[in-house]
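K.L.:
Fold the following, please.
(one chain, ligands or ions: 2)
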Amino acid sequence: MLKEYDPLKKKIFRVIDNDGKVINTKWFPDLPDEQIVKAYKDLLFARTADLQTISYQRQGRIYTYPPNLGQEAISIAAGQLMRENDWMVPAFREMGAMLAKGATLKELFLYYMGYEDGSAFKEARNMIPTSVPIASQLLHAVGIAYEIKYRKKDQVAFTFVGDGGTSEGDFHEALNFAGVWQVPVLFIVQNNQYGISTPFKMQTASDGIAIKSVAYGIKGIQVDGNDFFAMYKAIEEAVSHAKEGNGPVLIEAVTYRKGAHTTSDDPTKYRTKEEEMEWDKKDPLKRLKAYLKRKKLITDKMEEKLLADYKKEVDRQFTEAENYGPYPVEDVFQYHYEEMPDDLLAQKNEYERFLKWKEARV
Ligand SMILES: Cc1ncc(C[n+]2csc(CCOP(=O)(O)OP(=O)(O)O)c2C)c(N)n1
Ligand SMILES: [Mg+2]
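P.N.:
Ligands and ions are numbered 1, 2, ... in the order given. Next up, the predicted model:
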């Protein structure tokens, strides 16, 4: 499949159309109906969580938040294919994959409330915390994949980055070393058409991102990122490729960020309603739902019930995070090094003295 969709052929990989009709039976993934329904439910849950989080932020109950709206199929497909033992090295817009790996929504909320515990992922194995420094995580993923190869482990490292992140030096260094070492890492680029307000055409002069794989001597594929089935099949193929010792794969998931970059951003300043409406036709949830409705695997009534349950569940986990208790000052300092170096310890002591002085003043 990776040969058939070689990026030099400039053919985007797609399995269903905007109405959820199968247009590529050859590459339809081999999935039981229950798993497809599960994907739909997870997508609906992620979307519900996102919409509610935006509302909590507007109520002043959580800090800045980057919504996943419109990009969920990418994370849900990756989440279904990541095994417990595989590594997840996220950027910051991969809620579905992080939940699938074992993070709880409460932990994700804690992260956006500023708690270090929001990165502890008590139930998840092999997951790195959210990475806000753009593209830095890609090099970590390559390092992890180097270890996997060196120790001959049965694992794959999954890592994510945005289209804006592909303009960082880290992206190119990561692809270069992954290619030289032929390590089992999957780079999933969420090309959502914008890096904050920078449109994709200002990000690169090349014809998409997948084609950049050619120069690094690795496999690449451009996929309709709003098509759950295409994402699933492409990642499945990429996992086999990497596991068989054939090296990394660069997957460009072409998608659209339906919401704002973060809750601090206003997309009406840099894009049009017409553009948003065009992409709305390609919404991943609508397309998967249309497929399932045609097969009579879901109904509107089922969805209503799910939505009501999910809203309650999101609110329950949010309330738990909200009542988490005071933030320990110690936490600001203690996760940088295994043993705190003297200069950091001095800063911590000074800060504690400052807090005492402040308290005494009131
Ligand atoms: C190293 C670094 N430089 C700049 C920023 C500020 N910044 C935050 S998000 C962003 C744009 C990222 O765009 P993209 O990779 O397309 O991700 P998206 O927001 O679309 O998910 C920038 C420049 C940062 N966080 N880290
Ligand atoms: Mg982007």
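
K.L.:
which residues are there in the stretch 151-300 of the chain that come within reach of ligand 1?
P.N.:
Proximity of the stretch 151-300 of the chain to ligand 1, by CB under 6 Å from any ligand atom, involves residues Gly162, Asp163, Gly164, Gly165, Gln190, Asn192, Tyr194, Gly195, Ile196, Arg257, His261. For the C-beta atoms, the positions are set from N, CA and C on the backbone; glycine is no exception.

K.L.:
Identify the residue of the stretch 1-150 of the chain closest to ligand 1, quick one.
P.N.:
Nearest residue of the stretch 1-150 of the chain to ligand 1, counting by CB to the nearest ligand atom: Ile134, 3.8 Å away.

K.L.:
In PDB, please show the C-alpha coordinates belonging to stretch 109-124.
P.N.:
Extracted C-alpha coordinates of stretch 109-124, given in PDB (Å, rounded to 0.1, in the frame of the first residue of the first chain):
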ATOM      1  CA  PHE A 109      -7.900  18.600  32.900                       C
ATOM      2  CA  LEU A 110      -5.300  18.700  35.700                       C
ATOM      3  CA  TYR A 111      -2.600  19.500  33.100                       C
ATOM      4  CA  TYR A 112      -4.600  22.500  31.800                       C
ATOM      5  CA  MET A 113      -5.200  23.600  35.300                       C
ATOM      6  CA  GLY A 114      -1.400  23.700  35.900                       C
ATOM      7  CA  TYR A 115      -0.900  20.600  38.000                       C
ATOM      8  CA  GLU A 116       2.200  18.500  37.400                       C
ATOM      9  CA  ASP A 117       0.000  15.400  38.300                       C
ATOM     10  CA  GLY A 118      -1.800  16.000  35.000                       C
ATOM     11  CA  SER A 119       1.300  14.600  33.300                       C
ATOM     12  CA  ALA A 120       1.700  11.500  35.600                       C
ATOM     13  CA  PHE A 121      -0.700   9.300  33.700                       C
ATOM     14  CA  LYS A 122      -1.100   6.800  36.500                       C
ATOM     15  CA  GLU A 123      -2.900   4.200  34.400                       C
ATOM     16  CA  ALA A 124      -1.000   4.600  31.100                       C
END
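
K.L.:
what's that stretch in contact with?
P.N.:
53, 62-65, 88, 98, 101-104, 107-108, 127, 129-130, 317-318, 321-322, 324, 327, 331, 334-335 (CB atoms under 8 Å, 6 or more residues apart in numbering).

K.L.:
hmm, try it at 7 Å
P.N.:
Residues outside stretch 109-124 that contact it (CB atoms under 7 Å, 6 or more residues apart in numbering): 62-63, 65, 101-104, 107-108, 127, 129-130, 317-318, 321, 324, 327, 331, 335.

K.L.:
What of stretch 87-100?
P.N.:
Residues contacting stretch 87-100 (CB under 7 Å, 6+ apart): 42, 46, 49, 66, 68, 71-72, 75-76, 78-80, 82, 101, 105, 108, 126-128, 130-132, 137, 140-141, 144, 155, 157-162, 165, 190.
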